[in-house]
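Visitor: Here is the input, now give the coordinates:
(chains A and B)
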Amino acid sequence: MSEKLLGWVLLLYFIGSLMYLVAAVFQQRQLNTLARWPVLTGWGLHTLSLIWRWFESHQLSIGHAPLSNFYESLLFFSWAVICVAYLGFWRQMRDYLGSFAAILACLILAYASFGGHASDIMPLMPALKSNWLIIHVVTCFLAYAAFALGFGAALLYFFVSRPTGAGKKRDRQAHLAITAQDLDDLIYRAILIGLFLLTLGIITGAVWAESAWGRYWSWDPKETWSLITWLVYAGLLHARFARGWQGRRIAILAVVGFAAVLFTYFGVSFLLPGLHAYLT
Amino acid sequence: MWSSLWQGLTSVRLALLSLLLVGLGSILGTILPQQQAPEFYQERFGTVGTGLILRLGLDDIYRSPIFLSFIALLLLNLIACSLKRLPEVWRQITSHPGLEAYKALPPRLQLTWNHRERSPYQFLPEALPRLLGRPTVVEDRDTTWYLIRRGRWGRLGPYLIHLSIIIVIIGAIIGNLGGFQGQINLLTGEVTDILPLTNPPGEKKLDFTLRLDRFQVSFYPNGTPQEFRSDLTFLKGGQPVKQAVLRVNDPVTFGNLTFYQSTYQTMPKGPVVLEVTHNEKSITVSAPLRQRLQLPDDQGMIMVWKVESNIMGYGPAVQLAYRPAGGGHPLLFWVLADTSRGQPPQPGPHTFHLKELQLTYSSGLLVKYDPGVWWVYLGFLLMLPGFWLALFVPRQRWAIAVAPLGKDRYRLTVAGVGDRHRVALQRRLEKLQAAFEENI
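Guide: Alright, predicted model coming up:
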């Protein structure tokens, strides 16, 4: 049931993304307002399907939040991208950036559905049975989502600020309806939100690990890589505040930071063994 | 010399460098398999590489002097930066900057006030606390200045974060130097007052006795464990002083020790009784777990290696290590208790049949003393308001100058700066403009 719903969600995100893209390419500004509808409807259904999955797991009498394996984490990641995009960046969710958020959510869902991951609701091992599971996973994935948006803005930044003649550049900025300065601001804000949430995620993970395993930090690869991600973004903020970095260099760091996020999420799960290996 | 050292210690460059070094060390620790035997590295990296790895401590990098020195560098830099910059920031937060500082703010909005009933001198002190914040009013010749600082405590945020990180690192150091960790395995009814330590290695005599009254494990239909718990009693001088139920994710503290339910093991209750058949002659032997047992007439040797309550859905089983007469390597195989679906092949010449197998569990408890953990938690607690102040409290300074132009006419100039949050400043300005236009 919840899987059938997700098919519709995927389609709605795709339609929304296309509408944003048309709005951007053909400069149909009013289409931006319209494009919100399929995305937000999709997100509503997405929310419903997550709740439904939760409900289903209770019917199987192994009730737990749908956040316990790789497949479920992808479903939630996709949900989180739209959530952070619209809650945190309502005004900026238009044109290419709106299209980026919607297509990213759509691709993650597609990967979840067609990537051959086990989608069965499985019982939880005893160590995972904790209220910390929900808060830990939710904060981490909201952080990933915020970093993903920062990454999208950084890509757009490279596109907007390509070195050409000054007049042409201004034309392009007008055409894209977003300036390099706005994007710089957006990257920065996305990373602030992301870093705050990631800090929360790491702290809740540490407190949980202390109560489950008696160690708040054990240099497990997932932990270590989340710390590396944290260090990259902390470095970015210091470079910006204290050394005045802006624009291109910050955008590059935002891309590097997101690469660390991807490795924390996928690389560690597939390449490195550890406590979080049950994800696969 | 000292001043340049101080300069270096407090520089942002060093901060970025130490972040980079800790990051690179961490990456290496996840790529290079840790805490392996020297042969493992020898196989992959050769003599030279292995020598380098072992000498630098890269096989246990997170405890190696190199990595710890990176963290020490970070710690030093954090402390130095805080000492250097905090007094100045504190002064800026607590003291009001002079009018001149406000005069230099970039103007954002200018409008003419010509409301007949209401002068801006009435309107601004009423409306500003709601729109921007409580103003300080300064008269300067014919101009009246309304000065407002917003979110000044936000400047403390980064220092609170730095302080919290310092506290976390210090907590980790305290825990590592002053704490210990051990593992106790207990059978139901068993009593102990010795704690075998894993870190640092050794043994500790407890000033109380621990008894496992009961151990329970429940399984999901697919056979994976659902929950396990130990009912514990703590005794002093033979008298029970505390009873507790220990579950996974739900530790128990006694004195300064914390107990965690970490694992369990299936064990035979008493010796395993086997029927051994050789040359159509059967005998019955009792084999305690992990003890060598000589078969009669020097015919070979067996040892019960492992027991399972349910092996792949075939029910209880015993894993035997068996060495027939004549030596060679011991052979490992399973003997099922329930033979209704057959028995897995056995190497022979002896054949084994389980006559009696009673199972029990041994509960694995992790025991820990960590005097630093509360420091770590304190650091975590401080970090959250620190982040809040640093990231989400926009710092803004506003100056609204009112100068009379003629009868009932005034010129209003709004100037302001906000660090970092351009959007927040813009929004505030729009709100202000709307409020003014309503009242002009």
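Visitor: How far away from the center of its chain is stretch B:86-106?
Guide: 39 Å (Cα atoms, centre = their mean, to the nearest Å).
Visitor: what helices or strands is the longest helix along chain A leaning on?
Guide: For chain A, the longest helix by residue count, based on DSSP state H, is helix A:180-213. In this structure, helix A:180-213 makes packing contacts with helix A:70-88, helix A:132-160, helix A:221-243, helix A:248-262, strand B:257-268, helix B:373-392, helix B:422-439, judged by 3 or more Cβ pairs under 8 Å, 6 or more residues apart in numbering or on different chains; DSSP states H and E. Yep, even glycine has a C-beta here, placed from its N, CA and C like the rest.
Visitor: Please identify the buried residues of stretch B:122-137?
Guide: B:123-124, B:127-128, B:131-133, B:135 (16 or more other Cβ atoms under 10 Å in any protein chain shown).
Visitor: Okay, and which of those map to strands?
Guide: In strands, judged by DSSP state E, none of the buried residues of stretch B:122-137 are found.
Visitor: Widest-spaced pair of those?
Guide: B:123 and B:133 (15.7 Å; Cβ to Cβ).
Visitor: Please name the strands paired to the helix or strand where residue B:193 lies in the sheet, noting orientation.
Guide: If you go by DSSP states H and E, residue B:193 is part of strand B:191-199. Strand B:191-199 pairs in its sheet with strand B:180-187 (antiparallel), strand B:201-219 (antiparallel), by DSSP bridges.
Visitor: Quick check: which of the ones you listed is nearest to residue B:304?
Guide: It is, among the strands paired with strand B:191-199 and with distance given as Cβ to Cβ, strand B:180-187, at 15.6 Å.
Visitor: low-scoring pLDDT stretches of the stretch 51-200 of chain A, where are they?
Guide: A:163-177 (pLDDT under 70).
Visitor: Can I get the host helix or strand of residue B:401 in CSV? Just the C-alpha atoms.
Guide: Assigned by DSSP H and E, residue B:401 belongs to strand B:395-406. The C-alpha trace of strand B:395-406 is given here as CSV (Å, rounded to 0.1, in the frame of the first residue of the first chain):
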residue,chain,number,x,y,z
ARG,B,395,23.3,40.8,14.9
GLN,B,396,22.0,44.1,13.7
ARG,B,397,22.6,47.7,14.5
TRP,B,398,20.1,50.3,13.6
ALA,B,399,20.1,54.1,13.8
ILE,B,400,17.1,56.2,13.0
ALA,B,401,17.8,59.9,12.7
VAL,B,402,15.0,62.4,12.9
ALA,B,403,15.7,66.0,11.8
PRO,B,404,13.0,68.7,11.5
LEU,B,405,12.4,70.1,8.0
GLY,B,406,9.7,72.7,8.8
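Visitor: Measure how it sits relative to helix B:373-392, angle-wise.
Guide: Direction vectors for strand B:395-406 and helix B:373-392, defined by axes from the mean of the first three to the mean of the last three Cα atoms, to 10 degrees, enclose an angle of 30 degrees.
Visitor: What's the first helix or strand after strand B:395-406?
Guide: strand B:409-419.
Visitor: Identify the residues contacting residue A:205.
Guide: Shown in contact with residue A:205 (Cβ atoms under 8 Å, 6 or more residues apart in numbering or on different chains): A:132, A:136, A:140, A:223, A:226.
Visitor: one more time with 6 Å
Guide: Taking Cβ atoms under 6 Å, 6 or more residues apart in numbering or on different chains, we find residue A:205 in contact with residue A:136.
Visitor: Distance-wise, check it relative to chain B.
Guide: Residue A:205 sits 11 Å away from chain B, going by Cβ to the nearest Cβ, to the nearest Å.
Visitor: and residue B:62, how many neighbours does it have?
Guide: 17 (other Cβ atoms under 10 Å in any protein chain shown).
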